[in-house]
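> any chance you can model this:
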Amino acid sequence: MKKHIIIFCFLIFLAIMPSVLKAQNKNHDFFNSFIFGSSVTYIDKGNYEPVNEFTWNVNVAVSTGKYFFSGVQVLNIFVNADYFDERKLYNIYGLFTQFTVAPNSRFRPFLEISFNKGNYFFPTDSYFPKENVNLFYIGAGGGADIPLRRLSKHLFLDVSFIFYYHVEKGMRKDFYNQYIVGLNYHFGKRVQENKQ
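Have a look, this model is predicted:
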């Protein structure tokens, strides 16, 4: 499994590098815009499982080309199971890259991939996550930054959905899925140029 993850990440790196190098040479879009984001996710599994989860995600990204933002993220997952009177905090952290579908618009739809490490392990024979510090996740999904012009030209509503995929014996294939509702603060050249 680790071999597949390394190959997958290397292919992503090869796909992104030409755009990064081209942008860096032109010196127009490389490291000229930044995003700071914070979002929350609440999942109440109800009758399916006597567990609910609250996730707080913090991320920072920088432009690495006209179409790309890359950065780091940390997911803090608070798990509560009243039935078992058990509460626990898990973490997932890693690197991500977003491909901006409409780079010349303030409304920013994007596709995202990420490579992460964490300790959130959900065995198939349990209703409550276990802690395992050597887990790797590949994230994939999409979303959009919606401008909140009336509040600030820098403020955007972040709405997205990311699948964190991990396959290993004794684990669920759809290991962790996250819908995201949050706020992103944009600053730098992109906000100044895209005023429409």
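> for stretch 176-184, C-alpha coordinates in PDB please.
The C-alpha trace of stretch 176-184 is given here as PDB (Å, rounded to 0.1, in the frame of the first residue of the first chain):
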ATOM      1  CA  TYR A 176     -13.100   9.200   6.400                       C
ATOM      2  CA  ASN A 177     -15.300  11.600   4.400                       C
ATOM      3  CA  GLN A 178     -15.700  15.300   5.100                       C
ATOM      4  CA  TYR A 179     -18.100  17.900   3.900                       C
ATOM      5  CA  ILE A 180     -16.800  21.300   4.600                       C
ATOM      6  CA  VAL A 181     -18.500  24.600   5.500                       C
ATOM      7  CA  GLY A 182     -16.000  27.300   6.500                       C
ATOM      8  CA  LEU A 183     -14.400  30.700   5.800                       C
ATOM      9  CA  ASN A 184     -11.400  31.400   3.600                       C
END
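> what lies in contact with that stretch?
Contact partners of stretch 176-184, identified using C-beta atoms under 8 Å, 6 or more residues apart in numbering, comprise 35-41, 55, 57, 75, 77, 92, 120, 122, 137, 143, 145, 155-164, 166. Yep, even glycine has a C-beta here, placed from its N, CA and C like the rest.
> for that stretch, list every residue counted as buried.
The neighbour-count check on stretch 176-184 (16 or more other C-beta atoms under 10 Å) flags 176, 178, 180, 182-184 as buried.
> between the residues you listed, which is closest to residue 150?
Nearest to residue 150 among the buried residues of stretch 176-184: residue 183, at 13.9 Å, using C-beta to C-beta.
> what are the ranges of the strands in the protein?
30-44, 52-64, 68-81, 86-100, 108-121, 130-147, 155-165, 176-188 (DSSP state E).
> tabulate those (JSON lines), appending mean pLDDT.
Listed next are the strands of the chain as JSON lines, based on pLDDT from 0 to 100:
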{"stretch": "strand 30-44", "mean pLDDT": "88"}
{"stretch": "strand 52-64", "mean pLDDT": "91"}
{"stretch": "strand 68-81", "mean pLDDT": "91"}
{"stretch": "strand 86-100", "mean pLDDT": "90"}
{"stretch": "strand 108-121", "mean pLDDT": "91"}
{"stretch": "strand 130-147", "mean pLDDT": "87"}
{"stretch": "strand 155-165", "mean pLDDT": "91"}
{"stretch": "strand 176-188", "mean pLDDT": "87"}
